[in-house]
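Enquirer: mind folding the following:
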Amino acid sequence: MNLKQIFLFITIFNSFSFPQFKKIGSDFNRFFRTGEDVLVSPSNWGKTDWLIFSGTIAVTSGTFLIDKHARFFSKTSFGDKLFSIDNVFNVAIPVIGIAGIYGCGLIFDDSKVRNLGLQLVESCAYAGIVTTVIKSAAGRSRPYVGKGNMDWHSGQFNTAQTSFPSGHATLAFAFSSVMANYLDNIYWKVGWYTIASLVGTARIYHDKHWLSDVVMGSAIGYFIGDYASHDPENRSEQQASPVQDYSLNFIIPLN
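Expert: Numbers count the residues shown, from 1 in each chain. Here you go, the predicted structure:
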């Protein structure tokens, strides 16, 4: 660590006060409570929830029938540029974004922004855990391996055998669903879901995933992200947060 990095760390550290450290501790506890809610939520599902779950499984199963046909894209220079988004929207960029949002909420004492950052952490972390467990348990071969879309070897951890579901699609929809729910604006929502959809499509374009991988990963990310956004404790915190006024007031003397 050089002198510039040390100075930056000290500056950021000194920007936090004791009450802000208490907020971090409170958020840390809330993170684990939300995780517990996510894990036990199926035991509280009603008829509608089970219908949605069954529908998701049915749609994913249906896409297995067209996996091989959906695999082949016509490669173009425009497509190469457009679908390079999966190289940008990987783990590092969302983590930096989440840290920036949560950090700004703390530094500027904006509870609504801080709560958004916490929801993003919850959504991406727990969706990622669910997807990682399924990946290893399923052990599906990726398209580029050349063994077809029904080659499964349970209990795998190597990259070539952890195709189902798509981690990139999971992360993209976990992040985007929380961001989309932040504002009640149709253009804002369409924008975020478009980005997530492009990330999922890029994984097929680059022959990293089957269509069914992307569909299931997208569903996991979306539903867990939506759950984190509407978790009663997160929602009450967001609604109770005062709206910050960042407008500039100018006083023009008339004398």
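Enquirer: what number of residues lie near residue 65?
Expert: Counted with other C-beta atoms under 10 Å, the neighbours of residue 65 add up to 12. C-beta coordinates here come from the backbone N, C-alpha and C atoms, glycine included.
Enquirer: again, but for residue 169
Expert: 30.
Enquirer: that one contacts residue 213, correct?
Expert: Yes: here residue 169 lies in contact with residue 213, judged by C-beta atoms under 8 Å, at a distance of 7.4 Å.
Enquirer: list residues touching both of these two?
Expert: Listed as contacting both residue 169 and residue 213 by C-beta atoms under 8 Å, 6 or more residues apart in numbering are residue 203.
Enquirer: for residue 108, phi and psi?
Expert: phi -90, psi 10 (degrees, to the nearest 10).
Enquirer: and it, how many neighbours?
Expert: With other C-beta under 10 Å as criterion, residue 108 counts 12.
Enquirer: do the same with residue 148
Expert: 11.
Enquirer: show me the contacts for it.
Expert: 68, 141.
Enquirer: leaving out chain neighbours, which residue sits closest to residue 52?
Expert: With sequence-adjacent residues excluded and distances taken as C-beta to C-beta, 6 or more residues apart in numbering, residue 52 is closest to residue 223, at 7.9 Å.
Enquirer: give me the next element, helix or strand, following the helix or strand of the chain with the lowest mean pLDDT.
Expert: Using mean pLDDT, DSSP states H and E, the weakest-scoring helix or strand in the chain turns out to be helix 3-14, at a mean of 49. Downstream of helix 3-14, the next assigned helix or strand under DSSP states H and E is helix 18-40.
Enquirer: now that following helix - C-alpha only, PDB.
Expert: In PDB, the C-alpha atoms belonging to helix 18-40 read as follows (Å, rounded to 0.1, in the frame of the first residue of the first chain):
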ATOM      1  CA  PHE A  18     -19.400   6.700  16.000                       C
ATOM      2  CA  PRO A  19     -23.200   6.800  15.200                       C
ATOM      3  CA  GLN A  20     -22.300   5.700  11.600                       C
ATOM      4  CA  PHE A  21     -20.400   2.700  12.900                       C
ATOM      5  CA  LYS A  22     -23.400   1.800  15.000                       C
ATOM      6  CA  LYS A  23     -25.500   1.900  11.800                       C
ATOM      7  CA  ILE A  24     -23.000  -0.500  10.100                       C
ATOM      8  CA  GLY A  25     -23.500  -2.900  13.000                       C
ATOM      9  CA  SER A  26     -27.300  -2.600  12.800                       C
ATOM     10  CA  ASP A  27     -27.200  -3.200   9.000                       C
ATOM     11  CA  PHE A  28     -24.900  -6.200   9.500                       C
ATOM     12  CA  ASN A  29     -27.500  -7.800  11.800                       C
ATOM     13  CA  ARG A  30     -30.300  -6.900   9.300                       C
ATOM     14  CA  PHE A  31     -28.300  -8.600   6.500                       C
ATOM     15  CA  PHE A  32     -28.300 -11.900   8.400                       C
ATOM     16  CA  ARG A  33     -32.000 -11.500   9.400                       C
ATOM     17  CA  THR A  34     -32.900 -11.100   5.700                       C
ATOM     18  CA  GLY A  35     -30.900 -14.100   4.800                       C
ATOM     19  CA  GLU A  36     -32.800 -16.100   7.400                       C
ATOM     20  CA  ASP A  37     -36.000 -14.900   5.800                       C
ATOM     21  CA  VAL A  38     -34.900 -15.900   2.400                       C
ATOM     22  CA  LEU A  39     -34.000 -19.400   3.500                       C
ATOM     23  CA  VAL A  40     -37.200 -20.100   5.400                       C
END
